[in-house]
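**Student:** No letters, just coordinates:
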């Protein structure tokens, strides 16, 4: 006898009548699996099904949890202490205490895009970790601004809210976190109920603080400074009432945000459902058997593998009519996979091999298809690129439409497109700016992100097509390549100002839709806009008030070098971002540590030379070749080496490089000449 029904997650984790049978596996979930459950919860995805055996004992229903212990344990930890979410995220995303908020945002969304395959054509159907021997059905949970700034952020989407929690708690210290710090009332009361002693150190316990906040929420009719003060007054011995009131008023926005954060987390747990299979009056042996049946290890499928099983993508292509290049590409693809397909070709094979057919280019990074992760990405981008060009969007719905589009002659239209894309890339690469860009052996995707690269590729093709597919000395060739530069310049600006954070598939579709109504692909970013941004970086080391890291600075560095017509070094060792005044020099000074990562203290050096330079001050460098590289790539004359070896003189370096950047972005400078000449 059994019943299948949904249950509130909160009631499931707070039910005191749930018991664990002896045969349950030990707690085996790690931070990775716990955080993947967070993703499913905050994205409102199914949390799987648990099995409960109900027994009536003395009129009380005792619920024995046959399956779902790992999941329940993680959910309980989320409910009791939001700091657990942060600790799991830190381990899973791999950021550090010193990581800046923009770095965490970038890493977070990269992780979301990779794990959840956000806004892609399909979701992973089974998130089983094949390397985990302690498997149970909990492995199926994932089927598919600094938060202090505004209370309005509590209305953000689930994943944005998850990121808000992480950023709020970030910079965890030994005795407090970003969550608990505003509640440090120790100067005004004798003993806080949420203080614990750890090896003699008094710490603010986020778990006890969460209980304290829950008690306040349950008793206060309204959430405001007065009711909060009264609540504190009723539970603690206040030593300085006036100062405590002032502190609460001063910190109220931060305190209120954390209260509302707990309230929203509670609401998510209350409104989310988990499936319950409730069995009654079964033997103990039957309980064990049910548990063993449920815990059958599954095979993880990627999104592109799911697509390959859909009938609409398995329509055969006449192999006799297929060009030899297509046949070779498909045959090589399946040879790499170790699969025998009897030389047949189906519709799915064409987007799957699109990137291979196009060849290496400066837009998309090179993929090592012998690597499973790289192979999956290459396949995904092939589908998105084709969908963006033919269906004007790259979301999963657009890709689904692509497979069912009856107006597409897949054999000849596809082959023509491959040829067109190769021709378009040759035209763009004929532009001097992009020649210099290509010499640096990087790609738009590596410098920014996947969506920006796809956006550039698709929009450029649409513009090239609209201008009549110009080549060589065609009169539309020069306007087209100018537009490509304008587009890239705009995308760098948007990337630097965090307008592409998160999943941006819908933004790509919007940009495609707006293209036919524009003369330029985009109205160029004005010189005044660039100068305001360059000036803020110079004065405050921020962009629109946000502290940003070196990763965000890389596109503008490469952009600057290419506009200055500097050829990338001929090296097999790669390129690295160098601190002109070494970081160690700043660490040994009293200067704000944020200064060292300023754009105006960064330069691009060949990796071999950067290793040689290491943490040396400029006046400690004796190698004449290295001196020439520093002069060429970092714009520092040897006569200035002594000056810029002293951290106290950093402002002189920053001023000089600020002026250099500003003149380059001027309408009369290199950037202006490319756009307006």
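**Tutor:** Looks like it came in fine. Values in this document were obtained by computation on a predicted structure and should not be read as measured data.
**Student:** Check which helix or strand the residue nearest to residue 623 when sequence neighbours are not counted maps to.
**Tutor:** Take residue 623 and drop its neighbours on the chain: the residue closest to it by Cβ to Cβ, 6 or more residues apart in numbering is residue 612, 6.6 Å away. The way it works is simple: take the backbone N, C-alpha and C, and place the C-beta from them, glycine included. Assigned by DSSP states H and E, residue 612 belongs to helix 607-613.
**Student:** Quick check: buried residues in the host helix or strand of residue 513?
**Tutor:** Using DSSP H and E, the element containing residue 513 is helix 505-514. Judged by neighbour count using 16 or more other Cβ atoms under 10 Å, the buried positions of helix 505-514 are 505, 507, 508, 509, 511, 512.
**Student:** Okay, the residue nearest to residue 623 and residue 462: tell me how far apart.
**Tutor:** The gap separating residue 612 from residue 462 is 45 Å, by Cβ to Cβ, to the nearest Å.
**Student:** now residue 660
**Tutor:** Between residue 660 and residue 462 the distance, using Cβ to Cβ, works out to 35 Å.
**Student:** which of those two has more neighbours?
**Tutor:** Between residue 660 and residue 462, residue 462 has the larger neighbour count (other Cβ atoms under 10 Å), namely 18 against 15.
**Student:** In space, what's closest to the more buried one - neighbours in sequence excluded?
**Tutor:** The shortest distance from residue 462 to any non-neighbouring residue, by Cβ to Cβ, 6+ apart, is to residue 515 (5.4 Å).
**Student:** ok, now residue 524?
**Tutor:** Nearest residue to residue 524, sequence neighbours excluded (Cβ to Cβ, 6+ apart): residue 486, at 5.0 Å.
**Student:** Do I have it right that residue 209 meets residue 183?
**Tutor:** Yes. Contact criterion Cβ atoms under 8 Å: residue 209 and residue 183 qualify, at 5.8 Å.
**Student:** shared neighbours, those two?
**Tutor:** By Cβ atoms under 8 Å, 6 or more residues apart in numbering, residue 209 and residue 183 have these common neighbours: residue 194.
**Student:** show me the contacts for the residue nearest to residue 462.
**Tutor:** By Cβ under 8 Å, 6+ apart, the residues touching residue 515 are 459, 462, 463, 466, 521.
**Student:** Any buried residues in the one helix or strand the third one maps to, and which?
**Tutor:** Under the assignment given by DSSP H and E, the secondary-structure element containing residue 463 is helix 450-466. If you call a residue buried by 16+ other Cβ under 10 Å, then helix 450-466 has these buried ones: 450-464.
**Student:** counting contacts, what elements does the helix or strand that it is followed by pack onto?
**Tutor:** Next along the chain after helix 450-466, taking DSSP H and E as the criterion, comes helix 477-496. Here helix 477-496 touches helix 412-429, helix 432-439, helix 450-466, helix 527-540, helix 550-563, helix 670-676, going by 3 or more Cβ pairs under 8 Å, 6 or more residues apart in numbering; DSSP states H and E.
**Student:** So which other helices or strands are in contact with the helix holding residue 513?
**Tutor:** Using 3+ Cβ pairs under 8 Å, 6+ apart, the elements in contact with helix 505-514 are helix 372-391, helix 450-466.
**Student:** any idea of the mean pLDDT for it?
**Tutor:** When pLDDT is averaged over helix 505-514, the result is 91.
**Student:** Tell me what angle it forms with helix 477-496.
**Tutor:** Angle, helix 505-514 to helix 477-496, by axes from the mean of the first three to the mean of the last three Cα atoms, to 10 degrees: 150 degrees.
**Student:** ok, residues contacting helix 505-514?
**Tutor:** 118-120, 384, 388, 392-395, 398, 451, 454-455, 458-459, 462, 500.
**Student:** Stretch 648-658 too?
**Tutor:** Residues from elsewhere that reach stretch 648-658 (Cβ under 8 Å, 6+ apart): 534-535, 538, 580-581, 586, 589, 591, 595, 598-601, 635-636, 643-644.
**Student:** Also stretch 662-676?
**Tutor:** So stretch 662-676 is contacted by 433, 482, 485-486, 489, 524, 527, 530-531, 534, 560, 563-565 (Cβ under 8 Å, 6+ apart).
**Student:** As a markdown table, those with pLDDT, neighbour count and distance to residue 412 would be great.
**Tutor:** Output for the contacts of stretch 662-676, formatted as a markdown table (pLDDT from 0 to 100; neighbours: other Cβ atoms under 10 Å; distance: Cβ to Cβ, whole Å):
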| residue | pLDDT | neighbour count | distance to residue 412 |
| --- | --- | --- | --- |
| 433 | 97 | 21 | 34 |
| 482 | 94 | 19 | 32 |
| 485 | 96 | 23 | 33 |
| 486 | 95 | 19 | 33 |
| 489 | 97 | 22 | 36 |
| 524 | 92 | 23 | 38 |
| 527 | 95 | 17 | 46 |
| 530 | 96 | 23 | 45 |
| 531 | 96 | 15 | 50 |
| 534 | 95 | 21 | 49 |
| 560 | 97 | 21 | 43 |
| 563 | 97 | 22 | 41 |
| 564 | 96 | 14 | 44 |
| 565 | 95 | 11 | 41 |
